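1. The amino acid sequence is not available; the structure is as follows:
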């Protein structure tokens, strides 16, 4: 990494370090800056957050110059919690934690996080992020149990939203990571503005494909005792790897792979289908396993098929004569289907009335 890419985090907060690592950024050095965080008289919470973040960055820059650390990017941040203009202190004792939780119960409070970046050239950039958080109404048991957890100690406002106190939140408008301690989106934007490559560690290692090489895969750590051993001849079917298994894929020599492909193609040759199947040519005899021969085709002009019923009106009458269907036997002749009267082909008049 170039010297201008060195990042110094001017904070001892493990939460801010974890957030940077979550974004793929690993600081080169941690340099907590101890400054007086007491609010000035009538100082607004947002002004306090900006002043403290800038002060931490400037203290870290001065110490780096004394150490002759060289060009680097410095990042500092500070978080302030307030209800109206009342600033909630960082709880260090139980009484402060109890007072904070009772004040925040059932109310909306604001979380201000100031971030400051000093680039390698000494340019200073600042941002202030405001987030509104509303707590549910806390019961006596909620407060007592949270105090017993000891999670509140050293936290702005006396609670940690990323921990048990997350169950107290009923509404959040703004940046969640800002409430934790460092607004990631705004922080990365400031770092990128100073020329810091925020995506340097986002790129996955590139995999080398077999097609991009000459086919040789040299051993990065060859064994001198195996240098005199001749490699197995190409095309041997019993060549095996170090683990005793037949080599497959790119571990198999190219000649062996070609020989295997040729063997597969030769094995498939008898299975190749003729594009003109012989069993469909006109010279093939009809199948001999039929149990029933189709009847000879009738002359369509001579008479209609026997299985169709033909109707024709009788002359001089209003009746219709219906020819009943007959069945065809195996010899091609007609056999009666409904009695001897039908077998003779005699036509009977059909009733046209519907009387009972």
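-> That came through fine. In this text the structure is predicted, and so the values were computed from the model without any measurement.
2. ok, and what's touching the host helix or strand of residue 146?
-> Secondary structure from DSSP states H and E places residue 146 in helix 140-149. For helix 140-149, contacts defined as CB atoms under 8 Å, 6 or more residues apart in numbering pick out 94, 97, 98, 101, 102, 105, 152, 159, 163, 164, 165, 168. Using the backbone N, CA and C atoms, a C-beta is placed for each residue, glycine as well.
3. By neighbours, which of the residues you listed wins?
-> With neighbours set by other CB atoms under 10 Å, the maximum within the contacts of helix 140-149 is found at residue 159, which has 26 neighbours.
4. distance of it from residue 83?
-> Distance from residue 159 to residue 83, counting by CB to CB, to the nearest Å: 13 Å.
5. Need the residues touching each of those two.
-> residue 104.
6. what are the ranges of the strands in this protein?
-> Counting by DSSP state E, one finds strands in the chain at the ranges 7-9, 29-30, 73-83, 86-88, 108-118, 124-135, 169-173, 311-313, 320-322, 327-328, 334-335, 348-350.
7. And those, which one averages the lowest pLDDT?
-> Of all the strands of the chain, mean pLDDT reaches its minimum on strand 311-313 (a mean of 47).
8. so where is the chain shaky, pLDDT-wise?
-> For the chain, applying pLDDT under 70 flags the ranges 1-4, 205-255, 257, 264, 267-356.
9. which parts of the helix ranked longest in it are buried?
-> Of all segments of type helix in the chain, defined using DSSP state H, the longest is helix 45-66. Using 16 or more other CB atoms under 10 Å as the burial criterion, the residues of helix 45-66 that qualify are 45-61, 64.
10. can you state the direction angle for it and strand 108-118?
-> An angle of 30 degrees separates the directions of helix 45-66 and strand 108-118 when computed by axes from the mean of the first three to the mean of the last three CA atoms, to 10 degrees.
11. can I get the contacts of helix 140-149 in JSON lines with distance to residue 175?
-> Output for these, formatted as JSON lines (distance: CB to CB, whole Å):
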{"residue": "94", "distance to residue 175": "30"}
{"residue": "97", "distance to residue 175": "24"}
{"residue": "98", "distance to residue 175": "28"}
{"residue": "101", "distance to residue 175": "23"}
{"residue": "102", "distance to residue 175": "26"}
{"residue": "105", "distance to residue 175": "23"}
{"residue": "152", "distance to residue 175": "21"}
{"residue": "159", "distance to residue 175": "17"}
{"residue": "163", "distance to residue 175": "18"}
{"residue": "164", "distance to residue 175": "21"}
{"residue": "165", "distance to residue 175": "17"}
{"residue": "168", "distance to residue 175": "18"}
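12. and the two most separated of those residues?
-> 102 and 163 (19.0 Å; CB to CB).
13. partner residues bridging residue 82?
-> With DSSP bridges applied, residue 82 shows beta-bridge pairing to residue 87, residue 110.
14. my guess is it meets residue 88, correct?
-> Yes: with contacts defined as CB atoms under 8 Å, residue 82 counts as touching residue 88 at a distance of 6.3 Å.
15. Give the residues shared as contacts by those two.
-> With the criterion set as CB under 8 Å, 6+ apart, the overlap between the contacts of residue 82 and residue 88 is residue 109.
16. Looking only at neighbour counts, state which of the two leads.
-> In this comparison of residue 82 against residue 88, neighbours counted by other CB under 10 Å, the higher total goes to residue 88 at 24 against 20.
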